[in-house]
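[1] quick one: sequence plus predicted model below, questions after.
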Amino acid sequence: MRGVGELNAIITNLLEFARAERHRPAARDLVAVARRAGEMALAGLAPDDAKRFSVEVAAPEKLIVAIDEVHIAQAVRNLVSNAIEAMPAGGCVRIAVADEAGAPPSASPTKAPASRPD
């Protein structure tokens, strides 16, 4: 099921890029976009797989920037999906959003498990 959704997203993106219309950046909260994108990446996993992963967002409370929200969200989802694929045993994906010139949001796998036994 996840593969069908990802294929649909790829086709939709290709069709959008093929259009003559250009996307215009608008003032958006990059932190909120990154959080939603991380949640969406987890939501695309099978329930048993999703239990093995968590997404953590290290960011200021809010960061308003001029972005193309759809494409930034897709890029973050792709980064989170790639990080998940790099951790077959499960773990935590950390998304870092910072107010630094030239530093885009990133997603990286960590070695910490998604949940730790007590």
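    All right, it came through fine.
[2] make it CA atoms for all contacts and neighbour counts henceforth
    Fine.
[3] count the residues that sit near Ala34.
    Per other C-alpha atoms under 10 Å, the neighbour tally for Ala34 reads 27.
[4] which helix or which strand is home to it?
    Taking DSSP states H and E as the definition, one finds Ala34 inside helix 30-43.
[5] list of residues touching the helix or strand just after that helix?
    Counting by DSSP H and E, the next helix or strand C-terminal to helix 30-43 is helix 47-50. Helix 47-50 has contacts (C-alpha atoms under 8 Å, 6 or more residues apart in numbering) with 42-43.
[6] for the helix or strand following helix 47-50, which positions count as buried?
    Using DSSP H and E, the helix or strand that directly follows helix 47-50 along the chain is strand 53-58. Within strand 53-58, the residues that count as buried by 16 or more other C-alpha atoms under 10 Å are 53-55, 57.
[7] returning to what we had before: the helix holding Ala34 packs against which elements?
    strand 53-58, strand 64-67, helix 69-85 (3 or more C-alpha pairs under 8 Å, 6 or more residues apart in numbering; DSSP states H and E).
[8] for Arg36, which of those is the nearest?
    helix 69-85 (7.8 Å; C-alpha to C-alpha).
[9] output the closest one as CSV, nothing but the C-alphas.
    The C-alpha trace of helix 69-85 is given here as CSV (Å, rounded to 0.1, in the frame of the first residue of the first chain):
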residue,chain,number,x,y,z
GLU,A,69,5.2,24.4,1.2
VAL,A,70,4.2,21.4,-1.0
HIS,A,71,7.7,20.8,-2.3
ILE,A,72,9.4,21.4,1.0
ALA,A,73,7.0,19.0,2.7
GLN,A,74,7.7,16.4,0.0
ALA,A,75,11.4,16.8,0.3
VAL,A,76,11.3,16.3,4.1
ARG,A,77,9.0,13.3,3.7
ASN,A,78,11.5,11.8,1.3
LEU,A,79,14.4,12.5,3.7
VAL,A,80,12.5,10.8,6.6
SER,A,81,11.6,7.8,4.3
ASN,A,82,15.2,7.5,3.3
ALA,A,83,16.3,7.6,7.0
ILE,A,84,13.7,4.9,7.9
GLU,A,85,15.0,2.7,5.1
